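K.L.:
attaching a predicted model along with its sequence, questions to come.
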Amino acid sequence: MATKYALITGASSGIGYDLSIELSKKGYKVIGCSPQQFLVDQKPLEEKYGVISLPLDITNKEQINKCFEKVNEITNGKLSILYNNAGIAIIGPAIDIDEDKLDKLFQVNVIGHINVTKKFAPLVIADRGTIVFTSSVAARVPLSWISAYNSTKAAIDAYALTLHGEMKPFGVRVHSVITGGVDTKINENGSFEQIDSFYNVPGFLESVLTASSMTKTDSVSPQAYAKKVVKDLTRYRDPGFNLYHGKKAYLLHWISRYLPLWLTEFFIQAHFRQLKVLKYIATLANKGKFAKTNDKNFVVKVYKPGDTVEK
């Protein structure tokens, strides 16, 4: 039988790493793509599973073109699975997001995947293969303090939905995986800067840090997640457009569809200790007072996920 090839972006860690393992076990020759500086983390995949590592920063069009030429050569023009998995996150109130970080977030989580899909689609069409996107329950419910990340996952889910219909005539399947809690390091390298903000009230930092730790506190392992996703992808019958995997993935989808917004917000805000913060702000606002001071001498403090808050 001809070799089946699968390309995975963001293969150096987390979900992408374990997807590489599971697809390799299913007989696919996996091409794992990550930015050059992270390829060293794919060495175990190369040595144990024969994964082919290629450098790819999906925000760089030149690198996408170079990667395509190499993949086209390796696969002889046929790609069974294109898995758009790379992703990053930023955290903080919606009105405080740094513009440069916001631009990078959309470049990685949305535009990069669209550009990769456009470039590699002919190879998938040639094999009547599958295109997959890692979306999230963040596309369904307003997870606290990560509005920009939520919007990127909703955007890529919407893109994939339209792509699903457009690729059907070619015999190509398209899936968007609505991902619940998975124990990954997506927030581990990030940070939150406490700036002069309308939200600098008691309980705010505790709530932000609780939200930043969500992948650690209510999740399944990336190994368990990858096994279930790959099981769906390799079914003879099409399992449908949206796949729901990870802790509480389908539950949160159900909540978004059948509960009123006020109740959904209440549950989410309570879970991430946000209710106290919002109530405090409302009390101040009703009195015409605000936490934001526009103090030019405000000292910026940087917090990492898992930090304790200075009292």
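P.N.:
Sure thing, it's come through.
K.L.:
okay, CA-based contacts and neighbour counts for the rest of this
P.N.:
Will do.
K.L.:
start to end distance for stretch 254-269?
P.N.:
Stretch 254-269 has its terminal residues 17 Å apart, counting by Cα to Cα, to the nearest Å.
K.L.:
where in the stretch 201-311 of the chain is pLDDT low?
P.N.:
For the stretch 201-311 of the chain, the stretches flagged by pLDDT under 70 are 296-311.
K.L.:
can you give me the helices in it?
P.N.:
Listed in chain order, the helices of the stretch 201-311 of the chain (DSSP state H, counting those that start in this stretch) span 204-212, 214-217, 222-233, 249-258, 261-271, 275-286.
K.L.:
any buried residues in the third one, and which?
P.N.:
Within helix 222-233, the residues that qualify as buried by neighbour count (16 or more other Cα atoms under 10 Å) are Pro222, Gln223, Ala224, Tyr225, Ala226, Lys227, Lys228, Val229, Leu233.
K.L.:
just name the most buried of the helices of the stretch 201-311 of the chain.
P.N.:
Most buried of the helices of the stretch 201-311 of the chain, by mean neighbour count (mean count of other Cα atoms under 10 Å): helix 204-212, with a mean of 23.
K.L.:
ok, back up a step: closest to Lys29 out of the helices of the stretch 201-311 of the chain?
P.N.:
When the helices of the stretch 201-311 of the chain are compared by Cα to Cα, helix 222-233 sits nearest Lys29, at 13.9 Å.
K.L.:
what's the closest one packed up against?
P.N.:
Here helix 222-233 touches helix 14-25, strand 242-245, going by 3 or more Cα pairs under 8 Å, 6 or more residues apart in numbering; DSSP states H and E.
K.L.:
now do the contacts for the residue positioned nearest the centre of the chain.
P.N.:
Residue closest to the average C-alpha location in the chain (Cα atoms, centre = their mean): Gly87, at 4.5 Å. Gly87 makes contacts with Gly10, Val108, Asn109, Ile186, as judged by Cα atoms under 8 Å, 6 or more residues apart in numbering.
K.L.:
ok, back up a step: so which of the helices of the stretch 201-311 of the chain gets nearest Val177?
P.N.:
Set against Val177 and scored by Cα to Cα, the helices of the stretch 201-311 of the chain come closest in helix 222-233, at 8.1 Å.
K.L.:
between the closest one and helix 14-25, how big is the angle?
P.N.:
50 degrees (axes from the mean of the first three to the mean of the last three Cα atoms, to 10 degrees).
K.L.:
just the CA atoms of helix 222-233, as CSV, please.
P.N.:
The C-alpha trace of helix 222-233 is given here as CSV (Å, rounded to 0.1, in the frame of the first residue of the first chain):
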residue,chain,number,x,y,z
PRO,A,222,-2.9,15.2,25.7
GLN,A,223,-2.2,11.5,25.2
ALA,A,224,-5.9,10.6,26.0
TYR,A,225,-7.1,13.4,23.9
ALA,A,226,-5.0,12.5,20.9
LYS,A,227,-6.1,8.9,21.0
LYS,A,228,-9.7,9.8,20.7
VAL,A,229,-9.2,12.4,18.0
VAL,A,230,-7.2,10.0,15.9
LYS,A,231,-9.8,7.3,16.4
ASP,A,232,-12.4,9.7,14.9
LEU,A,233,-10.1,10.8,12.0
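K.L.:
who's in contact with that helix?
P.N.:
Outside of helix 222-233, the residues within contact range by Cα under 8 Å, 6+ apart are 14-15, 18-19, 22-23, 182-184, 239, 243, 245-246.
K.L.:
so Tyr5 touches Ser80, yeah?
P.N.:
Yes: when contacts are counted by Cα atoms under 8 Å, Tyr5 is listed as touching Ser80 (5.4 Å).
K.L.:
just the contacts of helix 222-233 now: which is nearest Lys43?
P.N.:
Asp18 (13.4 Å).
K.L.:
check the gap between the closest one and Lys289 for me.
P.N.:
Here the criterion is Cα to Cα. By it, Asp18 lies 50 Å from Lys289.
K.L.:
next, give phi and psi for the nearest residue to Lys276 once chain neighbours are set aside.
P.N.:
The shortest distance from Lys276 to any non-neighbouring residue, by Cα to Cα, 6 or more residues apart in numbering, is to Gly203 (6.9 Å). For Gly203, the backbone dihedrals (degrees, to the nearest 10) come out as phi 90, psi -10.
K.L.:
who's in contact with Gly203?
P.N.:
Arg273, Gln274, Lys276, Val277.
K.L.:
need those residues in a markdown table (columns: distance to Lys216).
P.N.:
Shown next, in a markdown table, are the contacts of Gly203 (distance: Cα to Cα, whole Å):
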| residue | distance to Lys216 |
| --- | --- |
| Arg273 | 16 |
| Gln274 | 18 |
| Lys276 | 23 |
| Val277 | 22 |
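K.L.:
what mean pLDDT does the lengthiest helix in the chain get?
P.N.:
What stands out as the longest helix in the chain, according to DSSP state H, is helix 147-167. The average pLDDT within helix 147-167 is 98.
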